[in-house]
Structure formats: C-alpha cells, structure tokens
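Chemist: this one's sequence-less:
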C-alpha cells in the first residue's frame, strides 16, 4: 500500500490494486486501508481479495495451519459484508463542510454498521469519508467450485486461467449463468484470463524467443511451485506415485489446479508426474500464450474477446521489463487500429476506465 500510494503521486490514470487476505486481516482495517488509497489516488484503487493458500503463510500469522478451503470462503463472505457495509455507512452526499455552522458531515447521513456475525463484530460508523469511487474495485480469482461462488457474488474483475479458447467460452458463460440467480446486474463484472505474449517482428523470431524462455523452466521449479500453491509437500512422494483419495481431498490450497490436473489427465488419482505435466505450473504453458507477429497476436486476442471468452486479459510477463515493452510497442498499435484497445481513458477513476458502474454485489445491498 505505501508503494501504491507513492505510485499514485507520480501517475494520473494507472489503476492501483493490492492483494490482501481475508483469512488473516480484519475487515475494518482493510476497509480503511483501501478507502484511504482510493482518496490518495483520486479514485484508482482496487483490492485483490484472496483467502490464502498454504501453511507457511499461516505460520507467519501465528496459526498452526491453513483453515479448511471452504471455511476460508465462508469467512471471506462475511469479511466482504463487513467491508462493504462500512463503506456504505456514509451516504454519497453526507459531506457538508459547512464552516459557518461548524458541520463537517450531515449526521443523519452517517450511521453505525452494528454488524454481529459468526466471524466478526464491528460497530462503526466508518471513520473514512466516501472515497472518489465510493467503493474501490473488487478483484477476485476464485476458480474452484466454492471459489467461483465467491467470485460471482463479489467480484468486479474476475481473474482466471483458461487453458484453451473453447474452455474459456464455456467458463465465461458459466460465470454469467452463476451470477444470474444472485441478482447481479448485467455487466457487473469483467472476466480477465491470464495470458503470456511472445511477440516479435516475425513469427519465426517470436517462436525462437518462446522456445528459449520455455527451456528455462525445470520440473523441480514446477514441483516447488505446486507445493506452495496446493499446500502439499510434493517432495514426500515419488514421481510416479499416484495420489490417494485422502491425499487428493487434503489439498487445501488452489484446488482449481488440482481439479484441472484431474480433468486433463483423466485420472482421479494422478501421479506427481501428472501434476507436473498437466499443470505446467511455473511455465509459460500454464496459461494461454499468444506467439507470433503483432498481427498474429492481435488475431488471437481478438478471437478470444469477440467470441465470448473474456472481457480483457491479465498480461503476464515472460521477462521484465522486455515483455511489456514489446507488447506496448508492437501489439497495442495493432489492437488500436482494430478498435480493440482504447486510445484515451474513459474517465479519471479505475472503475470508469474498466467500464464498471457503481458497485453492485449480490449481497449487502440493504446495508
């Protein structure tokens, strides 16, 4: 947050989002932090909501182990209720700043939250006036069954990993369908899959770059990253040893990775090698990758965007800063030529630039 605040002072349009876990923090603290960042940045703040994923992180916060997967999301639901509830304790027109009468805010338009739930008790009223966006943008990446429920309830930008275009179309449609019964307004969230881009002036040059980068990843790297993400010690098993039913059920980290390996391998009890092969964790093959000339990369992105697979992309770097430099220099002009990338900003806030309306989650609308 201090770094984003410093960045806000030297930028005027850049969205500024930070990750904060609902498992180890308190709602009132998080609400204050991101509301303050929204003020300091002129309305460009976003909160990437996570529930944490391994025992090592738990130990840093004084806990013996990571809470159970679904339990973390149960807590996160109430966490969001409290945060959003605090942001809503001030009416948008509560501020008066009447020096003659000595009134800063209309007391009839500022109220206490008085939340009492399973996980949290929080009184209020909130101690930060309404920020420029009203609510900082909520970013979420849940992809397991319980995680998707959370994402479609609260998220405004839903980050995803879609391995193929066809999978992306189905997953995108499923997210929309799952949000309908919750009463969320159409267009209440944007879906943005992770992508890697390797672009050069020619296809052959891009393919050479891709091969060189891909060769850097080693199986030992994948094993280490799988251990971190799935909260399971992959060094405890032989490479060809299958996971038992109990071991599969015990995976409490990113269960979407586990589920993807089962789906792609066709094996409900995959081996360690299966996890390495089918997850591609820590490699540029883990997510969709566009490789080629600027026109070829733009073709791929356009197909995803125009055929119902996404609303945008989260661009991951194969190397820094070169990957971003190449994308801006080579791909952005081609996307702009096709009318697929903005030439100017829509507004002054992150919410406006993402084309999002006022925040409309599936809950706490009455708070």
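Modeler: Alright, I've got the coordinates. Keep in mind that this is a model prediction, so the values were computed, not measured.
Chemist: so residue 56: helix, strand or coil?
Modeler: What DSSP: H, G, I helix; E, B strand; the rest coil gives for residue 56 is helix.
Chemist: quick check: closest non-adjacent residue to it.
Modeler: In space, and not counting its chain neighbours, residue 56 is closest to residue 228: 7.6 Å by C-beta to C-beta, 6 or more residues apart in numbering. All C-beta spots, glycine's among them, are computed from the backbone N, C-alpha and C.
Chemist: against residue 55, how distant is the one you found?
Modeler: Distance, residue 228 to residue 55, using C-beta to C-beta, to the nearest Å: 10 Å.
Chemist: strands of the stretch 201-350 of the chain, start to end?
Modeler: Applying DSSP state E, counting those that start in this stretch to the stretch 201-350 of the chain gives strands spanning 288-292, 314-316.
Chemist: from the chain's centre, how far out does the first one sit?
Modeler: Just to be clear, that refers to strand 288-292. In terms of C-alpha atoms, centre = their mean, to the nearest Å, the gap separating the centre of strand 288-292 from the centre of its chain is 21 Å.
Chemist: nearest to residue 101, of the strands of the stretch 201-350 of the chain?
Modeler: strand 314-316 (48.6 Å; C-beta to C-beta).
Chemist: for that closest one, packing partners?
Modeler: Helices and strands touching strand 314-316, by 3 or more C-beta pairs under 8 Å, 6 or more residues apart in numbering; DSSP states H and E, are strand 190-199.
Chemist: mind checking how far the strand it packs on is from the chain centre?
Modeler: Mean-position distance between strand 190-199 and its chain equals 13 Å (C-alpha atoms, centre = their mean).
Chemist: state the mean pLDDT of that strand.
Modeler: Strand 190-199 carries an average pLDDT of 97.
Chemist: and what of stretch 353-367?
Modeler: Across stretch 353-367, pLDDT averages out at 71.
Chemist: over to stretch 285-294?
Modeler: The average pLDDT within stretch 285-294 is 95.
Chemist: buried ones in that stretch, by neighbour count?
Modeler: Buried residues in stretch 285-294, counted by 16 or more other C-beta atoms under 10 Å: 286-294.
Chemist: likewise for stretch 157-169?
Modeler: 157-163, 165, 167-169.
Chemist: got it, and stretch 53-62?
Modeler: Applying 16+ other C-beta under 10 Å to stretch 53-62 flags 53-55, 57-58 as buried.
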